[in-house]
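just the structure for this:
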Amino acid sequence: MCSSAVGAGKTGDQVTKRQMIPLSKFWKRKEKPASPVPLHFSVPAGRRVYAIGDIHGRDDLFAQMIDHIRADHAARGPAHLTLILLGDLVDRGAQSAAVVERAMNLRHEFADTRLLIGNHEECFLAALTGDVRRVRYFMRIGGDATVRSYWQDDASLATATFEEVAERLPKLVPSEHVNFLSMGEDVVEIGDYVFVHAGIRPGVPLEKQALSDLRWIREEFLDDPGDHGKMVVHGHSITSEPDQRSNRIGIDVGAFRSGTLAALGLEGNRRWFLFASDRAVENAA
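Numbers count the residues shown, from 1 in each chain. A predicted model of the protein is given here:
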């Protein structure tokens, strides 16, 4: 969708003059009363799964969450651990480059780490092709924070044109980061659960889902009460707390602006939540 959503725009515009979308305009789900969440869904015996919601450049919360997962996993006893990142590692928050670096190195500790490609990874990778229109769109949806995290020179970035950003950014992003993000998945299935970034198109078999839906869908998925065959775990759509429904569980609680990052834990037919937050840091100080 990044390629189709990009406007033509004029060339030679300075980054400081672009029209940014205020934080208040970022999409937030209008929350409705949740229906009971059935517990008959399960993951295979001997497996323990942790899924982390949209991080959006908050490496401080990401590091805290990994500490929580490490401690929680140790306290629950031996099990095969699968760690799933639901996508949107980058944008909006100030530490996108650090988040990608941390995510890339998780496999050294958690061998079974899975990355889903979110719509913001899609747009980031599109911007790295050097296409000025894609750079302009990327920076309008929060990618300016990602560019800044790799650029590391606010003064020169403030005066750079979009053409200059399009030319220089691919040279600043390590090839290891590009390869890591490019190798992300779109769907992860474990037992009775399916993990995607945004959601699925109701009524369409999982193997026939369009990438645009897996990475971008909202209302058609969120408002559908039907049985998807499996419990869908997703991010992408912000709610003030994990959104537990009879057919899906949303765990994007808006880390970049709320100061809270959520993760879902699964073992057998049990589920629980972990939270990393700015408040925890304040309380420890």
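
Arg271 looks like it's in a strand, true?
Yes - under DSSP: H, G, I helix; E, B strand; the rest coil, Arg271 sits within a strand.

surely it touches Gly265?
Yes - counting by Cβ atoms under 8 Å, Arg271 touches Gly265, with 6.6 Å between them. (C-beta placed from N, C-alpha, C; glycine too.)

those two: which is more packed in?
Neighbours were counted for Arg271 and for Gly265 using other Cβ atoms under 10 Å; Arg271 has more, 21 against 18.

need the per-residue pLDDT for the more buried one.
With respect to pLDDT, Arg271 scores 97.

buried set for the lengthiest helix in the chain?
Secondary structure of the chain per DSSP state H: the longest helix is helix 59-75. For helix 59-75, a neighbour-count test (16 or more other Cβ atoms under 10 Å) marks 59-62, 64-66, 68-69, 73 as buried.

same for it, what does it pack against?
strand 47-52, helix 96-105, strand 260-267, strand 270-277, helix 278-284 (3 or more Cβ pairs under 8 Å, 6 or more residues apart in numbering; DSSP states H and E).

could I get the ones you listed in TSV, plus columns for distance to Val135?
What follows is the helices and strands packed on helix 59-75, written out as TSV (distance: least, Cβ to Cβ, whole Å):
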stretch	distance to Val135
strand 47-52	28
helix 96-105	15
strand 260-267	28
strand 270-277	31
helix 278-284	31
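
ok, back up a step: which of the buried residues of helix 59-75 lies closest to Val165?
Comparing those against Val165 with Cβ to Cβ places Asp59 closest, at 22.2 Å.

check whether that closest one really touches Val99, as I assumed.
Yes - assessed by Cβ under 8 Å, Asp59 is found in contact with Val99 at 4.7 Å.

now do the shared contacts for these two.
Gly93 (Cβ atoms under 8 Å, 6 or more residues apart in numbering).

got a list of what the residue nearest to Glu176 when sequence neighbours are not counted touches?
Leaving aside its chain neighbours, Glu176 sits nearest to Met104 (6.5 Å; criterion: Cβ to Cβ, 6 or more residues apart in numbering). Going by Cβ under 8 Å, 6+ apart, Met104 touches 176-177, 180.

which one of those residues sits in the busiest neighbourhood?
Per-residue neighbour counts (other Cβ under 10 Å) across the contacts of Met104 peak at His177, which has 21 neighbours.

thank you, goodbye.
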